[in-house]
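Trainee: For reference, the sequence and a predicted model appear below.
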Amino acid sequence: MNMMKMKLLYSLFFCAMSIPCAVAPMPAPSDIPSSDINHIPTTAPTRWWCRDIKTFDATQNDIRWTCEILRNYPSSEIIKMCEVVVTFDQKTLPIKFWCTETCQFYC
């Protein structure tokens with residue numbers, strides 16, 4: 001699945017579930033139109049996509065998971081832990097969907 005579809009799916013899923021979503025602020029339009037002919041459009045991730053859900057708190061096999069707890073592990077362990085599937089807010093997904101910044105999931 002390409003990145004744009006993932007972003008759309010992600011934003012629809014979390015915003016529709018009333019999970020706090022943040023959209024990066026956009027600068028006000030300039031008075032004089034400007035264009036950079038050297039600028040090439042990109043599908044690079046935007047800031048709103050890459051953030052941890054602060055309310056995320058799940059327990060799996062008697063282990064408590066939060067993004068804050070996950071950040072305390074070594075990078076090599078975080079990569080593995082981000083793939084652990086947990087249930088939060090009645091949704092069952094890998095931790096990387098809740099802690100996209102910590103897991104560097106499309107960031």
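Mentor: Noted; the coordinates are in hand. Numbering: from 1, shown residues only.
Trainee: drop to CA atoms for contacts and neighbour counts, all remaining ones
Mentor: Fine.
Trainee: Lowest mean pLDDT among the helices and strands of this structure, which one is it?
Mentor: Using mean pLDDT, DSSP states H and E, the weakest-scoring helix or strand in the chain turns out to be helix 3-16, at a mean of 61.
Trainee: Helices of the chain, start to end?
Mentor: Chain-ordered helices for the chain, with DSSP state H as the definition, fall at 3-16, 67-71, 75-81, 100-103.
Trainee: Give the buried residues for the third one.
Mentor: Taking 16 or more other CA atoms under 10 Å as the neighbour-count basis, helix 75-81 is seen to contain the buried residues 78, 79, 81.
Trainee: For residue 75, see how far away the residue found closest to residue 56 once you drop the neighbours it is linked to in the chain is.
Mentor: Using CA to CA, 6 or more residues apart in numbering and skipping the chain neighbours, the partner closest in space to residue 56 is residue 66 (5.7 Å). The gap separating residue 66 from residue 75 is 15 Å, by CA to CA, to the nearest Å.
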